[in-house]
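>>> sharing a model prediction with you, sequence too.
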Amino acid sequence: MAEKRLLRPREGRMIAGVCAALGNYFGVDPTWVRIAWAVLTLITQIIPGVVLYILAVIIIPEEEEGEEGVLDAEYAIKEEKKV
């Protein structure tokens, strides 16, 4: 089984890839994560949501070039089992 890691993807990002990373990690569509983040940011008067997003950009590492994401690794494992 592939090791599950929280990485900001190079593809599918809107700003810095934080919501895409969280969506991929938890197996949820990143659009729902973006909507939830936007609503919570507006409810908390914008500043906390923006600060948390900036901290997440700093803390969550970016996916390296050529590195397989969690979904790609799981797909590769399933393909190997078929052969």
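Thanks, I have it.
>>> so how far is Val57 from Arg13?
In this structure, Arg13 lies at 11 Å from Val57, with CB to CB, to the nearest Å as the measure. For the C-beta atoms, the positions are set from N, CA and C on the backbone; glycine is no exception.
>>> what's the answer for Ala16, then?
Ala16 sits at a distance of 5 Å from Val57 (criterion: CB to CB).
>>> overlap in contacts, these two.
Common neighbours of Ala16 and Val57 are listed as Arg8 (criterion: CB atoms under 8 Å, 6 or more residues apart in numbering).
>>> which stretches of the chain form helices?
18-26, 30-43, 47-59, 70-82 (DSSP state H).
>>> quick one: residues contacting the residue nearest the centre of the chain.
Nearest to the mean C-alpha position of the chain, by CA atoms, centre = their mean, lies Ala21 at 0.6 Å. Going by CB under 8 Å, 6+ apart, Ala21 touches 6-9, 60.
>>> look at it and report its pLDDT.
The score at Ala21 is 95. That number is its pLDDT.
>>> look up how far Arg5 lies from it.
Distance from Ala21 to Arg5, by CB to CB: 10 Å.
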